[in-house]
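Enquirer: Next come a sequence and a model predicted from it.
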Amino acid sequence: MIIDAIYNVYPATVTVRNGEAFDSDDNLIATDQAVIDTEVTRLQVVHDGLAYARTRKAKYDLLNQDEMRYDDTKNSTTTWIDAIDAIKVAHPKP
């Protein structure tokens, strides 16, 4: 996340090497570690806040959703909706 933070707060950055930012002419960009640390913290909060979405996606990917929807249509059942609802209940939005 440190590299992402550097790119975010120093938009002239083209390359990051050994934690240092360089512009398109390979000149060292003066950085402030406190600013970078603040951005890392912000990025971590965003990442943590989306944990439910990553978990849901992993669970959704385990389902054969197309076949479930087809079977539900043919059989007048709600298997797919029930499975999706169960995942959403187990992994709610914060």
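Expert: Perfect, I can see it now.

Enquirer: the longest helix in the chain is where?
Expert: When the chain is parsed with DSSP state H, its longest helix is helix 33-49.

Enquirer: so what does it touch, helix or strand wise?
Expert: Packing partners of helix 33-49 (3 or more CB pairs under 8 Å, 6 or more residues apart in numbering; DSSP states H and E): helix 2-9. The C-beta positions use only the backbone N, C-alpha and C, and glycine is treated the same way.

Enquirer: ok, the residue of the chain most remote from its centre to residue 49 distance?
Expert: Within the chain, the residue lying farthest from the chain centre (CA atoms, centre = their mean) is residue 75, at 36.5 Å. Counting by CB to CB, to the nearest Å, the gap from residue 75 to residue 49 is 38 Å.

Enquirer: Could you do residue 28 as well?
Expert: To residue 49, residue 28 is 34 Å away according to CB to CB.

Enquirer: ok, now residue 6?
Expert: In this view, residue 6 and residue 49 are 22 Å apart by CB to CB.

Enquirer: who's more crowded, those two?
Expert: Higher neighbour count among residue 6 and residue 49: residue 6, with 20 against 11, using other CB atoms under 10 Å.

Enquirer: from memory that one sits against residue 37, does it?
Expert: No - at 11.1 Å, residue 6 does not count as touching residue 37 under the criterion of CB atoms under 8 Å.

Enquirer: one step back: what is the distance between whichever helix or strand comes after the longest helix of the chain and the centre of its chain?
Expert: Where DSSP states H and E defines the elements, the next helix or strand beyond helix 33-49 is helix 51-62. How far helix 51-62 lies from its chain's middle: 11 Å, per CA atoms, centre = their mean, to the nearest Å.

Enquirer: Domain ranges for the protein, per the record?
Expert: 2-49, 51-90 (automatic domain parsing).

Enquirer: how far does the longest one stretch from start to finish?
Expert: It refers to domain 2-49. With CA to CA, to the nearest Å as the measure, domain 2-49 spans 18 Å from end to end.

Enquirer: Okay, the closest residue to residue 7 other than its chain neighbours and residue 27: tell me how far apart.
Expert: Using CB to CB, 6 or more residues apart in numbering and skipping residues adjacent in sequence, the residue nearest residue 7 is residue 13, 5.3 Å away. Remark: distance between residue 13 and residue 27 (CB to CB) = 11 Å.
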